[in-house]
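> A structural model of the following input is requested.
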Amino acid sequence: MAAFSVRMVHVLVLWLAVCLSGTWAVDKGNFKTCDQSSFCKRQRALKPGESPYRVLLETMELTNTRLTLQLINDNNKVRLLLELYRLQGNITRVKINELKPLKPRYEVPDVLVREPPTEPLSVLSQDENGVVLSLGAESQRVIVSARPFRLDIMEGHNVLMSLNSRGLLAFEHLRMRKDTQTEPEAEKKDEADPANQAETAKEEEEKVEEGMWEETFKSHSDSKPNGPSAVSLDFSLPGVEHVYGIPEHAEPLKLKTTESGDPYRLYNLDVFQYELYNPMALYGAVPVMLAHNTKRTTGIFWLNAAETWVDISSNTAGKTVFGKMLDYVQGSSETPQTDVRWISESGIIDVFLMLGPTPKDVFSQYASLTGTQSFPPLSSLGYHQCRWNYNDQEDVRSVDAGFDEHDIPYDFIWLDIEHTDGKRYFTWDPHKFATPKDMLQGLMDKKRKMVAIVDPHIKIDNNYKIHNEIRSRGFYVKNKDGGDYEGWCWPGSAGYPDFTRADMRAWWASMFAYDQYEGSMENLYTWNDMNEPSVFNGPEVTMHKDAVHGSWEHRDVHNLYGLYVQMATADGLIQRSGGVERPFVLTRAFFAGSQRYGAVWTGDNAAEWDHLKISIPMCLSLGLVGISFCGADVGGFFKSPSPELLVRWYQTGAYQPFFRAHAHLDTPRREPWLFGPENLALIRDVVRQRYTFLPYWYQLFYNAYRTGEPVMRPLWVEYPQDPATFAVDDEFLIGRDLLVHPVTDEGSRGVTAYLPGKDEFWYDIHTFHKHNGAQNLYIPVTMSSIPVFQRGGSIIPRKLRVRRSSSCMEHDPYTLFVALNPQRTAEGELYIDDGHTFNYEKKEFIHRRFSFANNVLSSVNIAPDAKFTTKSWVERIIVLGASKPSKITLRTAGGEESQLDFEFDPSMSVLTIRKPGMNAGEEWSIALK
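Alright, predicted model coming up:
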């Protein structure tokens with residue numbers, strides 16, 4: 001054992017040496033391709049059009065809530081059970097499992113917020129070829145074809161989606177290993193029961209292929225005690241050329257076809273400096289895909305937590321614009337179609353077909369299944385300052401003072417792994433962070449906060465309380481032989497708590513109590529890193545698939561691990577305050593449903609222009625699948641940015657939901673004041689811009705929490721019938737009303753932004769210049785430029801008095817920016833609560849709608865049953881696209897009227913109303929005469 005430990009120390013040192021050297025590149029050899037993943041290779045070898053599955057129509061059973069049918073594989077006589085549900089909200093659920101599996105197959109728990117409510121199904125017709133079922137609304141129906149099995153969802157004469165239309169359904173049934181069947185009695189089942197024909201029928205001896213019962217990758221062996229267990233199903237999307245989602249990949253927004261390379265992989269991995277424009281797996285996995293055309297948006301949610309590969313093909317892929325035009329001129333009748341195939345290593349097929357028809361309908365449908373983005377504390381929408389690592393308490397104090405000295409607001413300062421006592425989480429280095437409460441109190445005195453890292457690998461050390469508790473309670477993940485699983489990570493030899501266990505999660509949550517987590521205070525929040533989980537000496541730098549979580553193998557639950565870590569941590573932060581305070585938890589690994597627990601970031605990026613560019617589609621893709629609270633490390637984690645790149649990254653990050661600068665241990669310090677006065681001024685300006693927009697960001701996050709709509713969204717979400725928006729991913733919308741086109745090219749002197757909307761106006765937020773929609777606008781830029789436009793027809797509340805942190809601005813007044821559309825109307829919202837507790841659930845908030853029409857601006861309460869008071873008032877109203885009035889009159893809720901002062905700039909058509917003075921929570925109207 002001693003020799004093993006010495007050897008592992010050498011492995012860890014070598015790993016760290018690579019990390020800290022100048023060779024910043026992913027080692028692709030550490031990660032599998034489809035050909036190296038035996039189940040992916042097996043499934044991909046299947047030929048379309050040769051489906052062995054047919055429906056046994058005589059087995060059909062229909063209740064008020066579900067249809068069941070048996071499918072049979074004519075090659076091996078194994079039967080499957082198909083369950084079909086019509087769910088509320090225009091969703092169809094399809095489940096396929098073995099009819100009588102040798103042992104239970106894993107079904108993903110804890111991701112759905114509830115058992116989805118069903119609606120009645122009814123049979124419209126039936127014959128020997130299949131059955132037609134009504135889905136209720138708008139002549140929607142499901143056609144189940146018997147031979148071969150196929151499922152089509154129709155609306156009128158249009159096919160919305162087809163399942164197994166290419167015949168690629170595959171279901172590797174659980175079986176006994178031939179060379180271990182020693183008891184002949186095991187074969188003697190009731191042969192009269194056709195469901196047992198899997199064991200008795202020998203019509204076709206199934207071929208044993210390499211990797212079915214054991215698999216090696218590099219030096220690692222996977223024992224595969226259950227043998228082959230993969231599932232696969234294909235989906236056809238007629239009329240669709242654009243599909244999105246299935247994060248996390250460093251890829252453009254529009255997913256590409258995969259015929260010429262590997263499929264997209266969903267398998268949470270710690271990928272050291274990931275490569276761009278590659279379908280390799282990254283830190284998180286959300287198995288949700290959206291499909292969109294001018295007529296409809298749909299979604300596919302493949303609920304499976306095992307390693308998954310997604311193949312995409314298209315009949316228009318590779319066609320040039322000229323080729324498509326030629327098809328049109330020649331009257332080619334080929335309808336565009338995208339085909340998608342999902343392949344998972346284990347579990348069952350459990351898929352939710354979200355039928356839209358609008359993008360926002362799909363967001364609502366997915367939110368009804370997995371929940372919405374948690375409503376974050378307002379302060380977490382401010383700026384976060386981080387690096388690996390701030391050295392000690394004096395370093396923290398100095399950096400904190402530097403922000404005040406240079407007049408840059410910030411809300412959170414972060415501590416990475418070096419703050420702990422020897423990488424023992426929930427502890428502090430006794431020399432560098434000897435009095436953490438003094439440090440935290442110093443921040444609290446300035447209304448600022450801290451985040452400290454708590455990773456899920458636990459140092460194996462008999463003098464470490466956390467380790468001893470987990471071991472004594474039997475809470476560690478087990479290895480295949482039943483002992484505690486051990487791997488190497490930052491502390492050296494480490495154990496991995498089994499977060500799939502509810503009792504383990506409850507214990508972990510209890511460790512965040514103030515009397516357990518020594519040195520913690522209410523302004524200390526948490527960062528969960530390395531929770532894929534990362535195992536430095538494991539296969540693909542993660543846990544062995546034959547490790548054991550209770551009754552299940554790690555292969556079944558892998559993509560859930562990070563979600564469970566964040567869930568338990570968020571619960572701990574809630575419980576420590578007695579359920580009063582909202583948590584803030586950042587996670588690197590995630591799955592469907594992670595939006596309920598906090599924020600994510602795009603992992604260990606690099607200080608390169610292409611990494612700045614890719615942060616936009618990466619966050620857009622996450623927003624489309626429910627995870628709105630997304631950001632990328634500003635400046636890049638690896639390498640050192642040029643001053644120009646750093647400034648451009650701040651300008652981009654200030655307009656993305658999660659705004660944090662972070663840097664690697666081995667990089668030079670990069671606090672904003674270290675790059676000269678000109679760059680300091682540019683960074684200060686854009687961070688302050690972020691703070692002025694906090695009321696808008698906060699209202700959008702409240703909306704995301706209520707509806708599931710993304711905060712940062714692609715243009716096509718708001719302009720679903722404009723094909724020019726469908727592949728745009730170098731610009732984006734924040735809500736409906738702000739369009740941002742960051743400058744992401746080195747030495748740029750101009751950008752071309754597409755302004756959507758045929759009959760719309762867009763106003764430059766800096767100059768108030770008005771531009772027409774439906775055009776490509778060339779915008780000259782300097783280093784101070786960040787092209788941002790406010791949509792005509794919108795009203796955005798801002799706070800222009802920027803202070804040292806968001807909490808210091810709580811009672812400050814608002815300025816309303818009223819941008820008129822061609823019809824000279826506008827509307828917007830204002831949401832106010834205490835910014836940090838769950839009291840909004842008790843209706844303690846203000847929610848108002850502002851509207852401008854017929855030259856009257858009014859504020860109306862849209863939550864009359866809610867109660868909250870604010871000291872904030874309206875100090876200024878700026879109307880863009882205005883005409884000059886002769887007088888302006890304010891009318892308050894009590895009926896009092898008064899004249900208001902104003903200024904009008906005729907060259908820009910900008911009207912400024914000075915100090916109207918109304919309380920932000922009250923009824924009022926302002927008439928322009």
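> in which helix or strand would I find the residue nearest to residue 66 when sequence neighbours are not counted?
The shortest distance from residue 66 to any residue other than its chain neighbours is 5.0 Å, reached at residue 85 (C-beta to C-beta, 6 or more residues apart in numbering). Every residue, glycine included, has its C-beta placed from N, CA and C. Per DSSP states H and E: residue 85 is located in strand 79-87.
> what mean pLDDT does the helix or strand following that strand have?
Remark: after strand 79-87, the chain's next helix or strand is strand 91-98, criterion DSSP H and E. Averaging pLDDT along strand 91-98 yields 98.
> put the alpha carbons of strand 91-98 into PDB.
Backbone C-alpha positions of strand 91-98 (Å, rounded to 0.1, in the frame of the first residue of the first chain) are rendered in PDB as follows:
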ATOM      1  CA  ILE A  91     -46.400  17.400 -23.800                       C
ATOM      2  CA  THR A  92     -46.300  13.700 -24.800                       C
ATOM      3  CA  ARG A  93     -44.300  11.200 -22.700                       C
ATOM      4  CA  VAL A  94     -43.000   8.000 -24.100                       C
ATOM      5  CA  LYS A  95     -41.400   5.300 -21.800                       C
ATOM      6  CA  ILE A  96     -39.900   2.100 -23.000                       C
ATOM      7  CA  ASN A  97     -38.500  -0.600 -20.700                       C
ATOM      8  CA  GLU A  98     -38.000  -4.300 -20.700                       C
END
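> what's it in contact with?
71, 78-87, 105, 116, 135, 142, 151, 153, 163, 169, 171, 173-174, 198, 231, 233, 348-355, 365, 368-369 (C-beta atoms under 8 Å, 6 or more residues apart in numbering).
> residues in contact with the residue nearest to residue 66?
Residue 85 sits next to 65, 66, 67, 92, 93, 94, 95, 116, 118, 121 when contact means C-beta under 8 Å, 6+ apart.
> not including adjacent chain positions, what is the nearest residue to residue 921?
Nearest one to residue 921, counting by C-beta to C-beta, 6+ apart, is residue 846 at 4.4 Å.
> quick check: that neighbour touching residue 834?
No. Counting by C-beta atoms under 8 Å, residue 846 does not reach residue 834; the two are 10.7 Å apart.
> out of those two, which sits in the more crowded spot?
Set residue 846 next to residue 834 and count neighbours by other C-beta atoms under 10 Å: residue 846 wins out with 21 against 16.
> so which strand or helix has the closest residue to residue 303 other than its chain neighbours?
Once flanking residues are discounted, residue 303 sits nearest to residue 350: 4.4 Å by C-beta to C-beta, 6+ apart. Using DSSP H and E, residue 350 sits in strand 349-354.
> what's the mean pLDDT across that strand?
99.
> quick check: angle from that strand to strand 79-87?
20 degrees (axes from the mean of the first three to the mean of the last three C-alpha atoms, to 10 degrees).
> what angle sits between strand 349-354 and strand 91-98?
Strand 349-354 and strand 91-98 meet at an angle of 170 degrees, taking the same axes, to 10 degrees as the criterion.
> strand 349-354: partners in the sheet, and parallel or antiparallel?
Strand pairing for strand 349-354, determined by DSSP bridges: strand 91-98 (antiparallel), strand 297-302 (antiparallel).
> next structured bit after the first one?
If I follow you right, that is strand 91-98. strand 122-127.
> show me what that following strand is packed up against.
Other elements packing on strand 122-127 under the criterion 3 or more C-beta pairs under 8 Å, 6 or more residues apart in numbering; DSSP states H and E are strand 53-62, strand 130-134.
> possible to save the ones you listed as TSV with mean pLDDT?
Shown next, in TSV, are the helices and strands packed on strand 122-127 (pLDDT from 0 to 100):
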stretch	mean pLDDT
strand 53-62	98
strand 130-134	96
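> nearest to residue 453, of these?
strand 53-62 (48.6 Å; C-beta to C-beta).
> tell me the first helix or strand C-terminal of that closest one.
Next helix or strand after strand 53-62 toward the C-terminus (DSSP H and E): strand 66-73.
> show me what counts as buried in that next one.
Judged by neighbour count using 16 or more other C-beta atoms under 10 Å, the buried positions of strand 66-73 are 67, 69, 70, 71, 72, 73.
> of these, closest to residue 30?
Proximity of the buried residues of strand 66-73 to residue 30 (C-beta to C-beta) peaks at residue 73, which lies at 36.5 Å.
> and the pLDDT for residue 20?
pLDDT at residue 20 comes out at 40.
> any idea how far whichever strand or helix holds residue 509 is from the middle of the chain?
Element membership of residue 509, judged by DSSP H and E, is helix 502-510. Offset of helix 502-510 from its chain centre (C-alpha atoms, centre = their mean, to the nearest Å): 24 Å.
> and it, what does it pack onto?
Counting contacts by 3+ C-beta pairs under 8 Å, 6+ apart, helix 502-510 packs against helix 465-472, helix 561-576.
> any idea of the pLDDT on the nearest residue to residue 910 once chain neighbours are set aside?
Spatial nearest neighbour of residue 910, chain neighbours left out: residue 768 (5.2 Å); criterion: C-beta to C-beta, 6+ apart. At residue 768, the model reports a pLDDT of 98.
> contacts only, for residue 768.
For residue 768, the contacting residues are 880, 908, 910, by C-beta under 8 Å, 6+ apart.
> what do you get for residue 460?
By C-beta under 8 Å, 6+ apart, the contact set of residue 460 is 467, 486, 491, 492, 493, 494, 495.
> which of those residues has the largest number of neighbours?
Neighbour counts for the contacts of residue 460 (other C-beta under 10 Å) peak at residue 494, which has 26 neighbours.
> give me every residue that touches that one.
Contacts of residue 494 by C-beta under 8 Å, 6+ apart are 457, 458, 459, 460, 486, 487, 488.
> mind checking which of those residues are buried?
Buried among the contacts of residue 494 (16+ other C-beta under 10 Å): 457, 458, 459, 460, 486, 487, 488.
> take those and keep only those in strands.
Using DSSP state E, the subset of those located in strands is 458, 459, 486, 487, 488.
> in a markdown table, list these along with pLDDT.
Formatted as a markdown table, these follow (pLDDT from 0 to 100):
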| residue | pLDDT |
| --- | --- |
| 458 | 98 |
| 459 | 98 |
| 486 | 98 |
| 487 | 98 |
| 488 | 98 |
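> for these, which one is nearest residue 282?
residue 487 (19.9 Å).
> where along the stretch 201-350 of the chain do the strands fall?
For the stretch 201-350 of the chain, applying DSSP state E, counting those that start in this stretch gives strands covering 215-217, 220-222, 231-238, 242-245, 264-266, 288-292, 297-302, 308-314, 337-344, 349-354.
> for the first one, the averaged confidence score.
Yep, that's strand 215-217 we're talking about. 97.
> and it, what other elements does it pack with?
Here strand 215-217 touches strand 220-222, going by 3+ C-beta pairs under 8 Å, 6+ apart.
> which parts of the strand it packs on are buried?
For strand 220-222, burial by neighbour count (16+ other C-beta under 10 Å) applies to residue 222.
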